[in-house]
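Asks: have a look; sequence and predicted model below, questions after that.
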Amino acid sequence: MAKADDHSSLIANAAKAALRPLGFVRRGRSRFWFADQGFWIIFAEFQPSGWSKGSYLNMGVKWLWQSRPTLDISYRPVDFIPFESKEQFSPLIAHMADVAAQEALKLRAQFKSLADVSQYLIAHATSDCWPVYHAAIAAGLAGDAETSNRLFERMEAWSTYGYDWELELKSESAAFAALLYSPQRFRSAVLAVIDRTRFTMKMAPDPHCLEINQSSG
């Protein structure tokens, strides 16, 4: 008979073996692992089920220029695998963790620079709210003030339902838009938000996170 902690420890050990070499750290005792990319993180979540022991795998990205606990790109490369026994589950969770590592490398390759991030976000700014906000910030950081301004104008015209978080987002967007044509002030304002988010996530400050990999090679 499996021990009560076999299930959780197998997941943790598989994740550690596959993800630690890529710089991932575990958030507390959770199933959430993340890798620091400067102005963004890659996350891997070994999501539990509310019905039975086992794990899903969720992967994705969070841009650190917004402090809310949202995950900005999220997808599921591996569906649920059930825990039936240590012998049955061990190879399956090891494979899931290996997939997580492979996906992390793909995300790093996809977003090597601010230019890469900006191009992706502009192409995916097809609905108002967060997609447009992120694209506006990224375009401004990448030096495309014209596109950034157009996206900030979309944020200004966005019709909200009046929720506090929507009004706050519009206010933050307007504050960034006002700094757009003062590039240093704009970058400093974005960096201040990144610093706060990193602090909240218990990550060390990185004052140079917007100064590296500015453009695609």
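Replies: Okay, I see it. Residues are numbered from 1 along each chain as shown.
Asks: could you look up the SS state of the most centrally placed residue in the chain?
Replies: The structure's the chain has its C-alpha centroid closest to K62; by CA atoms, centre = their mean the separation is 1.7 Å. At K62, secondary structure determined by DSSP: H, G, I helix; E, B strand; the rest coil is strand.
Asks: now swap in T126 and tell me
Replies: For T126, the reduced secondary structure class is coil; criterion used: three-state DSSP.
Asks: and the residue nearest to the centre of the chain, how far from L210?
Replies: From K62 over to L210 the distance is 16 Å, taken as CB to CB, to the nearest Å. Where you see a C-beta, it was placed from the backbone N, CA and C, and this is true even at glycine.
Asks: could you list the domains of the chain?
Replies: The record's domain parsing of the chain by automatic domain parsing lists 6-110, 114-200.
Asks: including mean pLDDT and distance to D206, could these go into a markdown table?
Replies: Formatted as a markdown table, these follow (pLDDT from 0 to 100; distance: least, CB to CB, whole Å):
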| stretch | mean pLDDT | distance to D206 |
| --- | --- | --- |
| domain 6-110 | 96 | 6 |
| domain 114-200 | 97 | 7 |
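Asks: mind listing the strands for the protein?
Replies: Secondary structure of the chain by DSSP state E: the strands cover 24-26, 32-36, 40-45, 54-63, 73-82.
Asks: tell me which of those strands sits nearest to W130.
Replies: W130 lies closest to strand 54-63 among the strands of the chain, at 9.3 Å (CB to CB).
Asks: which neighbours in the sheet does the closest one have, and how are they oriented?
Replies: The partner list of strand 54-63 in its sheet, established with DSSP bridges, is strand 40-45 (antiparallel), strand 73-82 (antiparallel).
Asks: most tightly surrounded among those?
Replies: The densest packing among the strands paired with strand 54-63, expressed as mean neighbour count by mean count of other CB atoms under 10 Å, is seen in strand 40-45 with a mean of 24.
Asks: CA atoms only: put it into CSV for me.
Replies: Once side chains and other backbone atoms are set aside, the C-alpha atoms of strand 40-45 remain, and they are given as CSV (Å, rounded to 0.1, in the frame of the first residue of the first chain):
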residue,chain,number,x,y,z
TRP,A,40,8.7,38.0,-16.7
ILE,A,41,8.5,34.5,-15.3
ILE,A,42,7.9,31.1,-16.7
PHE,A,43,5.7,28.9,-14.5
ALA,A,44,4.9,25.2,-14.3
GLU,A,45,2.0,24.1,-12.2
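Asks: what angle sits between that strand and strand 32-36?
Replies: Following axes from the mean of the first three to the mean of the last three CA atoms, to 10 degrees, one obtains 160 degrees for the angle between strand 40-45 and strand 32-36.
Asks: count of residues packed around A157?
Replies: By other CB atoms under 10 Å, the residues close to A157 number 10.
Asks: same question but for D128, I mixed them up
Replies: Residue neighbour count, defined by other CB under 10 Å, stands at 14 for D128.
Asks: check contacts around it.
Replies: D128 makes contact with 154-155, 158-159, according to CB atoms under 8 Å, 6 or more residues apart in numbering.
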